[in-house]
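Peer 1: take a look and give me a structure for this.
(one chain, ligands or ions: 2)
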Amino acid sequence: MGAKRRLGVGLMGLGVVGGGVAEALLNKDRLLAEEIGCQPELRKVLVRDRAKRRTVPVDTALLTADPEEILGDAEIEIVIEVIGGERPALEYIRQALLRGKHVVTANKEVVAKHGAELLKTAREKGVSILYEASVGGGIPLLLPLHRSLLANEITTIYAIINGTTNYILTRMSGEGMSFDVALKKAQELGYAEAEPANDIEGRDAAYKLAILATVAFHTIVRPVDIYCQGISRLCEVDFRYARELGYEIKLLAIAKQRAGTVEARVHPVFIPREFLLAKVDGVYNAVQIEGDLVGKLIFYGRGAGAQPTASAVISDVIETGRAICGGEQRGTQSRPPQTMTIRPISELETRYYLRMSIADRPGVLAQIAKILGDRSISIASVIQKEADDATQSAEIVIMTHPARERSVQESLSDMEGLSVVREVGNLIRVEG
Ligand code: NAP
Ligand code: HSE
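Peer 2: Ligands and ions are numbered 1, 2, ... in the order given. Okay, here's the model as predicted:
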């Protein structure tokens, strides 16, 4: 048998994911050659700092800080972008496509914000851009949606798609670990974004939800269409009440479509402890999708980390390589996107958990109940713990029946105006 044709690969980024990808490219070169039919050859690796000490066994002669060494190399046919962030990654991806190179990326921010433009450029140039690793780390999600589930109308997505926050919530809930310590551990394990506020404030999950909903609903859902609230307001006491009431707290990404409208939101949620999603712990992610034919499906696996993410990146490299070397085409968008209206969060109807500190005096609960009642918000249960004599205040927790978000927010403003309400501690939506 003659030597296989070489397939030039340029890697942009050699951090957590880039390191995992480089190792897999080197360690699995025979498997890759067999699967693709060509021999992938890592020709250059773009980094910010060439002098940095690295543990990945990549030949230092391959390292460069000049993107042109990849973008301008005619032998490089596939560019893998794992730098992260919007810029300069967006410009590098755009340039790679414009110069006729295929792209594989794990960059959810770029895909969520600029996916439509990049896919158009790729189509015009006769190349591909694949991004399986951008959502759910190692879990195959986009390929099943693009291929195996095409016969379905997908109606709902309930997802835990940020490993960092799920890791933090699990440790806070299970071990009473502090937020700061749990975040530091998630960073040490390589789960967090370079800017961890993107994880904590829910933006990373919103980028991923935008990508999932766009693919699943055959429309365009942008990050700005998604209501987004992170986990930074959650306190130890919220976890205690959640346990007492039979719930877990998770950061959920939720998208639903019906009658030409889409609802998309990311926020902490009380979910019943017996639900499967409530049992998803640590860095694990889970995505529950409901289709009209298939019913409910759950995809579960490691949502972050070097090796799981490399698994998704390398699978996209194999797909791309097969198309280049064997002419096998992967369809990524056959139906034209449908126009759908985004439903604002104010129209949401769900149940709520409300924790507040009030003056320990007769008639206070009645005032609060009146504010809720005036807006047709029905109380399902109230918990009041022992009052604090020193401050003469008491903590109460109200669970509501389903209510309109707009009415709940208006009631909160009214309550904050009452002199007997010392502090509104937290408002958390309840699912299930
Ligand atoms: P990371 O550890 O911070 O690594 C980033 C890499 O890019 C580093 O090698 C860095 O170079 C290089 N880089 C950064 N800015 C650059 C610039 N301006 N020019 C050239 N090189 C630059 O990030 P990561 O965790 O691997 O994440 C990479 C991407 O994968 C992100 O889009 C992230 O959202 C996505 N992702 C991450 C995970 C995960 O578990 N970490 C999972 C799924 C998807 P130096 O090494 O010289 O600093
Ligand atoms: N920071 C991301 C997370 C990485 O924690 O889920 C995986 O996309």
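Peer 1: which residues of this structure lie near ligand 1?
Peer 2: Contacts of the chain with ligand 1, taken as Cβ under 6 Å from any ligand atom, map to 13-18, 46-49, 52, 82-84, 88, 106-108, 133, 137, 190-191, 193-194, 304-305, 309. Any C-beta I mention is one placed from the backbone N, CA and C, and that applies to glycine too.
Peer 1: buried ones among the residues you listed?
Peer 2: Among the residues of the chain next to ligand 1, the ones that count as buried by 16 or more other Cβ atoms under 10 Å are 13-18, 46-47, 82-84, 106-108, 133, 137, 190-191, 193, 304-305, 309.
Peer 1: just the buried residues of stretch 167-176, please?
Peer 2: By neighbour count on 16+ other Cβ under 10 Å, the buried set for stretch 167-176 is 167-173.
Peer 1: stretch 145-156 too?
Peer 2: Of all the residues in stretch 145-156, those buried under the rule 16+ other Cβ under 10 Å are 145-146, 149, 152, 154, 156.
Peer 1: what's the lowest-pLDDT member of those residues?
Peer 2: Ranked by pLDDT, the buried residues of stretch 145-156 bottom out at H146, which scores 92.
Peer 1: what about T350, which SS state?
Peer 2: With DSSP: H, G, I helix; E, B strand; the rest coil as the basis, T350 sits in strand.
Peer 1: do I have it right that it meets E405?
Peer 2: Yes. Counting by Cβ atoms under 8 Å, T350 touches E405, with 7.4 Å between them.
Peer 1: who touches whichever residue of the stretch 1-150 of the chain sits closest to ligand 1 in this structure?
Peer 2: Ligand 1 sits closest to G15 of the stretch 1-150 of the chain, with a gap of 1.8 Å, by Cβ to the nearest ligand atom. Counting by Cβ atoms under 8 Å, 6 or more residues apart in numbering, G15 touches 82, 84, 194.
Peer 1: can I get those in a markdown table including pLDDT?
Peer 2: What follows is the contacts of G15, written out as a markdown table (pLDDT from 0 to 100):
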| residue | pLDDT |
| --- | --- |
| V82 | 98 |
| G84 | 96 |
| A194 | 88 |
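Peer 1: ligand 2 versus the residue of the stretch 1-150 of the chain closest to ligand 1, what's the distance?
Peer 2: 11 Å (Cβ to the nearest ligand atom, to the nearest Å).
Peer 1: ok, that residue to I83 distance?
Peer 2: According to Cβ to Cβ, to the nearest Å, G15 and I83 sit 8 Å apart.
Peer 1: residue ranges in the stretch 51-200 of the chain under the pLDDT threshold?
Peer 2: The model of the stretch 51-200 of the chain has no residue with pLDDT under 70.
Peer 1: returning to what we had before: in strands, which of the residues of the chain next to ligand 1 appear?
Peer 2: Those of the residues of the chain next to ligand 1 mapping onto strands are L46, per DSSP state E.
Peer 1: now, the residues of the chain next to ligand 1 that are in helices?
Peer 2: If you go by DSSP state H, these have 16-18, 108, 309 in helices.
Peer 1: let's verify E77: helix, strand, or coil?
Peer 2: Using three-state DSSP, the structure places E77 in strand.
Peer 1: so who does it touch?
Peer 2: Contacts of E77 (Cβ under 8 Å, 6+ apart): 7-9, 101-102, 324.
Peer 1: distance check, L145 against I154.
Peer 2: 7 Å.
Peer 1: common neighbours of those two, please.
Peer 2: Common neighbours of L145 and I154 (criterion: Cβ under 8 Å, 6+ apart): 216, 289.
Peer 1: name the spans of the stretch 301-432 of the chain whose pLDDT lies under the cut-off.
Peer 2: 328-334.
Peer 1: the most centrally placed residue in the chain sits in which helix or strand?
Peer 2: Centroid-nearest residue in the chain: A205, 2.8 Å away (criterion: Cα atoms, centre = their mean). In the assignment (DSSP states H and E), A205 maps to helix 203-217.
Peer 1: what lines up beside the helix or strand just after that helix in the sheet?
Peer 2: The helix or strand immediately downstream of helix 203-217 is strand 227-228, counting by DSSP H and E. Applying DSSP bridges to the sheet, strand 227-228 is found paired with strand 261-272 (parallel).
Peer 1: what angle sits between whichever helix or strand comes after the partner strand and helix 203-217?
Peer 2: Downstream of strand 261-272, the next assigned helix or strand under DSSP H and E is strand 284-291. Using axes from the mean of the first three to the mean of the last three Cα atoms, to 10 degrees, the inter-axis angle of strand 284-291 relative to helix 203-217 is 30 degrees.
Peer 1: who's in contact with strand 284-291?
Peer 2: 136-137, 139, 141, 145, 149, 152-163, 166, 212, 216, 276-277, 280, 296-304.
Peer 1: same check on stretch 363-375?
Peer 2: So stretch 363-375 is in contact with 356, 358, 378-379, 382, 384, 396, 398, 400, 403, 407-408, 410-411, 414-415, 418, 420-421, going by Cβ under 8 Å, 6+ apart.
Peer 1: wait, doesn't I168 sit right on D180?
Peer 2: No. Counting by Cβ under 8 Å, I168 stays clear of D180, with 9.5 Å between them.
Peer 1: who touches G282 in this structure?
Peer 2: 163, 166-167, 170.
Peer 1: what subset of these is also close to ligand 2?
Peer 2: G163.
Peer 1: so which two of the ones in helices among the residues of the chain next to ligand 1 are the farthest from each other?
Peer 2: Maximum pairwise distance in these, criterion Cβ to Cβ, is 15.6 Å, between G18 and K108.
Peer 1: look up which residues are beta-bridged to R265.
Peer 2: Beta-bridge partners of R265, as defined by DSSP bridges: Y227, I254.
Peer 1: out of the contacts of strand 284-291, which are inside strands?
Peer 2: Using DSSP E, 154-160, 296-302 are the members of these that sit in strands.
Peer 1: out of these, which is most surrounded?
Peer 2: A159 (30 neighbours; other Cβ atoms under 10 Å).
Peer 1: that one and G20, how far apart?
Peer 2: 23 Å.
Peer 1: kindly report the same for V127.
Peer 2: V127 sits 24 Å away from G20, going by Cβ to Cβ.
Peer 1: same check on L11?
Peer 2: L11 is 11 Å from G20, by Cβ to Cβ.
Peer 1: among those two, which residue is more densely surrounded?
Peer 2: Each of L11 and G20 has its neighbours counted (other Cβ under 10 Å); L11 has more, 29 against 24.
Peer 1: from the contact counts, what lies against the helix or strand hosting that one?
Peer 2: Per DSSP H and E, L11 falls inside strand 6-12. With contacts defined as 3 or more Cβ pairs under 8 Å, 6 or more residues apart in numbering; DSSP states H and E, strand 6-12 has these neighbours: helix 16-27, strand 39-46, helix 68-71, strand 76-81, helix 306-326.
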